[in-house]
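> Curious how this folds, go ahead:
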Amino acid sequence: MTNTHPYAGDEIREKKPSVMKGLVFLLILILCGAGLFFAATRLRSAEGPKVAHDAPAPLTVSVILAEPAAAFDLKENYAGLAEARRTSMLGFSSGGRIASISVDVGDRVKSGDTLAKLDTRSLEAQLASANAVVQEARSAHDLALSTVERQRQLKLQGHVSQQHVDEAEAQANTALARVEAAKAQADTLRVQIDLARITAPFDGVVTQRMVDEGAIASPGLLVLELVEKGHLEARLGLPAATAALLEPGKEYTLVADTGSVTARLRTVTGVIDANQRTVSAVFDIENPDAIAAGSVVRLGLDRSIGEEGFWVPVKALSSASRGLWTVYVAEPTGEGWRAVPRPVETVHSDGDRTYVRGPVTAGDRIIVDGLQRITPGMPVTPRESTRADLTGN
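Prediction:
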């Protein structure tokens, strides 16, 4: 008797695909294909696929004609300071209490004017004593001279020997030496009194006042700063080759913030500064009242640079590799114009223009704007630019 499990037949039937599932899958494929066919027919234009048959219109660009040159003029500016020819820091040579300061910052003074004084009462008392010593020494000298004269008369009469005459003359000489020593002492005190005041060594303007009355001044203490007025000089550092072209005695124009001034070249030192690597040129400013001391002045010099190239606007340049730049030239073709790149190297920049060198010939039309829309070989229509002459002439 065969014993069959009641679920064995069901398991076998579940492993076979049913007809119903196959029909559903086939229906889904048919619907997807119909949808794709419908979408393709709806999106297709009635005229068929659009294909470009006409070339795009050439881009209109502004151009300038290249003007190659064998050299270009370079405007070089060198800066320096306009300073007073003389500036003095004034102080007392001896110490003491400051009795008075008669000037303040900004005051104009003349040469020889008294600017400040120390208390000299003690020195004046010593001078009075010294003068009295001088008078005493002179009286002793006068008495000694009278004694010498009497001894000489007595000698002639035979009453005294030559020894007495010699002794009288020696005493007279000693008295004279005492007179000179007393006078020297008095003169020393007079000098000390004179040095106890500060006088202006030249015409100028007081620019600093460091102390006030009543302060105790030590020897060498700075009290006032005096700047000479009416004589200004400018010191400028220039390259040695440029300085050699300047002519001493010739007038040059210096430009300051307040305007231009005329200056005469006094000298060129001819010694190269170890730090700045420049040579100092000293100019005497002939109209010093036009600028203030301490102003920055500039000297402009024209120099010709022997370098072949041509000027282009900065906007005409586009960056390239290896430190080079590119300009686009509108080059004629059989049917019109096309943009052709040319590599160039910058030589000098001056504001909104640049002097470059590269494979560009006279008359080439250089595109000066719209470079962001241009690609190599692109058709263009050149239009002469109406901008100012870029050569600066």
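> Send over stretch 146-163 as PDB, restricted to the C-alpha atoms.
What follows is stretch 146-163, C-alpha atoms only, in PDB (Å, rounded to 0.1, in the frame of the first residue of the first chain):
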ATOM      1  CA  SER A 146     105.700 154.400  39.700                       C
ATOM      2  CA  THR A 147     108.200 152.500  41.900                       C
ATOM      3  CA  VAL A 148     110.200 151.500  38.800                       C
ATOM      4  CA  GLU A 149     110.400 155.200  37.700                       C
ATOM      5  CA  ARG A 150     111.600 156.400  41.100                       C
ATOM      6  CA  GLN A 151     114.300 153.700  41.300                       C
ATOM      7  CA  ARG A 152     115.600 154.600  37.900                       C
ATOM      8  CA  GLN A 153     115.900 158.300  39.000                       C
ATOM      9  CA  LEU A 154     117.700 157.300  42.200                       C
ATOM     10  CA  LYS A 155     120.000 155.100  40.200                       C
ATOM     11  CA  LEU A 156     120.900 158.000  37.900                       C
ATOM     12  CA  GLN A 157     121.700 160.100  41.000                       C
ATOM     13  CA  GLY A 158     123.800 157.200  42.400                       C
ATOM     14  CA  HIS A 159     121.700 156.600  45.400                       C
ATOM     15  CA  VAL A 160     120.600 153.000  44.600                       C
ATOM     16  CA  SER A 161     122.200 150.200  42.700                       C
ATOM     17  CA  GLN A 162     120.900 148.500  39.500                       C
ATOM     18  CA  GLN A 163     119.700 145.700  41.700                       C
END
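> next one: it to chain centre, how far?
86 Å (Cα atoms, centre = their mean, to the nearest Å).
> do stretch 229-245 as well
In terms of Cα atoms, centre = their mean, the gap separating the centre of stretch 229-245 from the centre of its chain is 14 Å.
> Identify the residues contacting that stretch?
76, 78-86, 108, 203-205, 246, 254, 263, 266, 268, 270, 272-273, 276-285, 288-289, 291, 293, 297, 299, 301, 303 (Cβ atoms under 8 Å, 6 or more residues apart in numbering). Every residue, glycine included, has its C-beta placed from N, CA and C.
> Output that stretch as PDB, nothing but the C-alphas.
Below are the C-alpha coordinates for stretch 229-245, written out as PDB (Å, rounded to 0.1, in the frame of the first residue of the first chain):
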ATOM      1  CA  LYS A 229      62.900 129.500   6.600                       C
ATOM      2  CA  GLY A 230      63.500 130.700   3.100                       C
ATOM      3  CA  HIS A 231      66.000 128.000   2.000                       C
ATOM      4  CA  LEU A 232      64.600 124.600   1.000                       C
ATOM      5  CA  GLU A 233      66.500 121.700  -0.600                       C
ATOM      6  CA  ALA A 234      65.200 118.400  -2.000                       C
ATOM      7  CA  ARG A 235      67.200 115.200  -1.800                       C
ATOM      8  CA  LEU A 236      66.100 112.500  -4.300                       C
ATOM      9  CA  GLY A 237      67.500 109.000  -4.700                       C
ATOM     10  CA  LEU A 238      68.100 108.000  -8.400                       C
ATOM     11  CA  PRO A 239      69.700 105.100 -10.100                       C
ATOM     12  CA  ALA A 240      73.300 105.800 -10.900                       C
ATOM     13  CA  ALA A 241      72.700 105.700 -14.700                       C
ATOM     14  CA  THR A 242      69.800 108.100 -14.500                       C
ATOM     15  CA  ALA A 243      71.700 110.500 -12.100                       C
ATOM     16  CA  ALA A 244      74.600 110.600 -14.500                       C
ATOM     17  CA  LEU A 245      72.300 112.300 -17.100                       C
END
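> Tell me the buried residues in that stretch?
Within stretch 229-245, the residues that count as buried by 16 or more other Cβ atoms under 10 Å are 229, 232-234, 236-238, 242-243.
> can you check stretch 78-88 too?
For stretch 78-88, by 16+ other Cβ under 10 Å, it's 78, 80, 82-85.
> Stretch 339-355 too?
Counting neighbours by 16+ other Cβ under 10 Å, stretch 339-355 gives 339-342, 344, 346-347, 353-355 as buried.
> what mean pLDDT would you report for it?
Mean pLDDT, stretch 339-355: 90.
> what's the answer for stretch 360-375, then?
90.
> repeat for stretch 156-168
82.
> residues in contact with it?
So stretch 156-168 is contacted by 144, 147-148, 150-152, 154-155 (Cβ under 8 Å, 6+ apart).
> And for stretch 374-387?
Stretch 374-387 is touched from outside by 55-56, 58-65, 313, 328, 330, 336-341, 365, 367-368, with contacts defined as Cβ under 8 Å, 6+ apart.
> got a list of what the residue nearest the centre of the chain touches?
With distances taken as Cα atoms, centre = their mean, the chain has Ala79 as the residue nearest its mean C-alpha position (5.6 Å). Applying Cβ under 8 Å, 6+ apart to Ala79 gives the contacts 236, 296-299.
> can you list the residues you listed in TSV and add distance to Arg373, pLDDT and secondary structure?
Formatted as TSV, the contacts of Ala79 follow (distance: Cβ to Cβ, whole Å; pLDDT from 0 to 100; DSSP: H, G, I helix; E, B strand; the rest coil):
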residue	distance to Arg373	pLDDT	secondary structure
Leu236	48	90	strand
Val296	45	91	strand
Val297	47	91	strand
Arg298	42	92	strand
Leu299	45	90	strand
